[in-house]
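Colleague: Okay, sequence plus prediction incoming.
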Amino acid sequence: MRAARKPGNPQDARPGRRGECWGGAAGKAPLRARHPRPREAPVTAAGAPAAPFPRAAAATPEGPGTRRSRQGPYMNDHKALILDEVRKYHQDVQTSGEFVPGVTEIWPTGAVHDVEDRVALVEAALDLRVAAGSRARRFESVFARKIKRRKALLTNSGSSANLLIVSALTSQKLGDMRLRPGDEVITVAAAFPTTVNPILQNGLVPVFVDVELGTYNPTVEAVERAIGPKTRAIMIAHTVGNPFPVAEMAQLAAEHDLFLIEDNCDALGSKYDGEPTGTFGDMASISFYPAHHMTMGEGGCVVTSNLAFARIVESLRDWGRDCWCEPGESNTCLKRFSYQMGTLPEGYDHKYIYSHVGYNLKITELQAALGLSQLDKIDDFCAARRRNWRRLREGLDGVPHLVLPEATPRSDPSWYGFVLTVDPQAPFGAKELVDFLEDRRIGTRRLFAGNIIRHPAYTDREYRIVGELTNTDVITTQTFHIGVYPGLTDEMIDYVVSSIKEFVRARG
Ligand SMILES: Cc1ncc(COP(=O)(O)O)c(C=O)c1O
């Protein structure tokens with residue numbers, strides 16, 4: 001056991017507002033930190049117009065074409081005119097929205113964009129500050145407050161967020177507590193690939209446990225059984241928004257001195273014990289791909305309240321640099337030419353000193369602009385997902401031969417999708433049901449990889465399995481999900497329910 005192994009983890013401020021979809025009681029200490037592609041659906045207009053987000057101050061010039069001298073009353077009038085035209089254009093391209101059963105596509109996932117999203121993107125384009133700047137910083141600060149973490153670090157995808165998190169835990173800055181090649185990380189095989197990949201990419205060994213049918217998460221007991229002498233971390237996704245028992249998992253991690261990573265990519269807005277998922281572990285990832293609860297087109301985020309972890313993630317994201325100056329800044333530490341690091345000569349420019357073997361996984365300002373506009377609507381998006389899931393759940397209750405999804409006890413999921421498993425004893429297979437639904441233009445998706453170790457990419461990889469992956473294999477053949485995203489209407493959902501019932505009645 002390593003003593004006091006978490007680096008400088010200051011008090012978690014946990015600010016938050018009431019009434020937010022993932023808001024909860026502010027000020028409660030967190031447990032660990034406290035004790036510690038699918039196709040994109042067509043753009044759909046959101047029902048309620050959102051209040052415009054307060055605009056960021058003028059962007060830092062990025063090139064000669066954006067000099068402030070060119071900005072003036074004339075330019076601002078011109079911009080206002082252009083944005084008015086964008087609003088008119090948005091009205092023009094709206095579709096009637098009439099739903100024709102069997103003809104209109106019912107997408108399993110999709111982004112919901114309104115006029116303010118379109119305006120925000122065009123406005124950011126007009127500013128021509130493309131690299132991450134003030135909007136990105138603003139998003140990070142608003143989002144961190146919203147999810148009640150001290151730091152939110154934007155990155156170009158949820159997959160990158162997972163890669164940054166695991167890579168950060170291998171940093172030499174963590175001294176003895178760092179993860180080293182050969183160390184084991186407990187996870188599940190019924191996974192999205194990029195939850196597992198960063199483990200392999202960092203020379204670590206995934207240890208797979210089975211999940212339950214219905215919740216599609218592992219139990220704490222299954223994870224506990226998998227802990228061995230080389231185990232150093234647990235990294236699990238809240239499957240399709242359904243929280244795994246994360247408070248208990250954090251307790252288990254604390255008892256065994258393990259890092260806990262929450263892949264929260266599918267679960268923005270979900271709660272466990274009234275607290276947002278993504279706030280129980282050492283770090284958590286979020287995806288802003290269009291299939292997810294809110295979107296930047298492409299994008300992701302790492303959230304943590306551990307400032308030491310945050311600093312390492314930032315370094316890895318930004319080329320591995322040791323310097324933390326924002327673009328356009330040069331000497332925020334006031335010691336730019338006074339450092340001596342590695343075997344570099346004293347005074348080597350800190351802006352070009354690298355303390356990690358890093359990447360460039362940053363986003364653009366345009367993505368941040370869209371993110372800010374979408375963030376205004378996230379509570380409505382989460383509410384719609386919960387409503388749609390409930391309508392499906394109530395509509396399908398009692399239908400034979402199907403395992404219906406169940407929320408994990410003590411949780412309030414902000415659902416990503418509605419998962420169905422066809423009972424292996426049923427007189428029909430999942431494929432037949434999927435074919436029937438797809439014929440009716442009801443979109444379906446697999447539960448991601450099914451059993452990931454059955455995929456060619458993982459054939460020669462080192463891993464350990466604890467117990468049998470029985471349910472994971474059932475998932476591979478019998479499980480799929482349908483949509484709950486906010487672009488779906490009651491009419492569409494009722495058509496999905498009646499179609500499934502019709503199929504089961506005919507085949508059951
Ligand atoms: C559980 C999970 N983790 C990670 C990701 C990766 O997110 P992204 O597509 O933004 O890379 C996804 C994508 O859907 C996911 O479902």
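Modeller: Structure's in. What do you need? Numbering: from 1, shown residues only.
Colleague: From now on I want contacts and neighbour counts done on CA atoms only, so please keep to that.
Modeller: OK.
Colleague: burial count for the residue in the stretch 351-500 of the chain that the ligand sits nearest to?
Modeller: Going by Cα to the nearest ligand atom, the ligand is nearest to residue 448 of the stretch 351-500 of the chain, at 7.3 Å. Per other Cα atoms under 10 Å, the neighbour tally for residue 448 reads 20.
Colleague: Could you check which helix or strand contains it?
Modeller: Residue 448 is located outside every helix and strand, with elements delineated by DSSP states H and E.
Colleague: what's the closest non-adjacent residue to it?
Modeller: Among residues not flanking residue 448 along the chain, residue 192 sits closest, at 5.3 Å (Cα to Cα, 6 or more residues apart in numbering).
Colleague: residue contacts, that neighbour?
Modeller: Residues near residue 192 by Cα atoms under 8 Å, 6 or more residues apart in numbering: 448, 449, 452.
Colleague: now residue 470
Modeller: Contacts of residue 470 (Cα under 8 Å, 6+ apart): residue 210.
Colleague: Give me the distance between it and residue 484.
Modeller: 28 Å (Cα to Cα, to the nearest Å).
Colleague: Quick one: list the elements packing against the helix or strand hosting residue 388.
Modeller: Assigned by DSSP H and E, residue 388 falls within helix 378-396. On a contact count with 3 or more Cα pairs under 8 Å, 6 or more residues apart in numbering; DSSP states H and E, helix 378-396 meets strand 417-422, helix 490-507.
Colleague: where does this protein dip in pLDDT?
Modeller: Within the chain, the ranges that satisfy pLDDT under 70 run 1-73.
Colleague: now do 90
Modeller: Along the chain, segments meeting pLDDT under 90 span 1-77, 94-97, 326-330, 333, 508.
Colleague: who touches the helix holding residue 388?
Modeller: Counting by Cα under 8 Å, 6+ apart, 20-21, 269, 293-294, 404-405, 413-418, 484-486, 488, 490, 493-494, 497, 501 sit against helix 378-396.
Colleague: Residues of the stretch 251-400 of the chain that sit close to the ligand?
Modeller: By Cα under 6 Å from any ligand atom, the residues of the stretch 251-400 of the chain that approach the ligand are 263, 265, 266, 287, 288, 289, 299, 300.
Colleague: picking up where we left off before, out of the helices and strands packed on helix 378-396, nearest to residue 340?
Modeller: Nearest to residue 340 among those is strand 417-422 (51.7 Å), distances taken as Cα to Cα.
Colleague: Just after that closest one, pick out the following helix or strand.
Modeller: Per DSSP H and E, the first helix or strand lying C-terminal to strand 417-422 is helix 430-439.
Colleague: Can you list the residue ranges for strands in the stretch 151-300 of the chain?
Modeller: In the stretch 151-300 of the chain, the segments counted as strands under DSSP state E, counting those that start in this stretch are 151-155, 184-188, 205-209, 231-237, 259-263, 271-272, 275-276, 283-287, 300-304.
Colleague: Which residues outside the fourth one are in contact with it?
Modeller: Spelled out, that is strand 231-237. 179, 183-188, 191, 195, 244, 253, 257-266.
Colleague: Pull that strand out as CSV, backbone CA atoms only.
Modeller: Extracted in CSV, the C-alpha atoms of strand 231-237 (Å, rounded to 0.1, in the frame of the first residue of the first chain):
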residue,chain,number,x,y,z
THR,A,231,-4.2,-4.1,-9.9
ARG,A,232,-3.7,-0.4,-9.8
ALA,A,233,-6.9,1.1,-11.2
ILE,A,234,-10.6,0.6,-12.1
MET,A,235,-11.9,2.2,-15.3
ILE,A,236,-15.5,1.6,-16.2
ALA,A,237,-18.2,3.4,-18.3
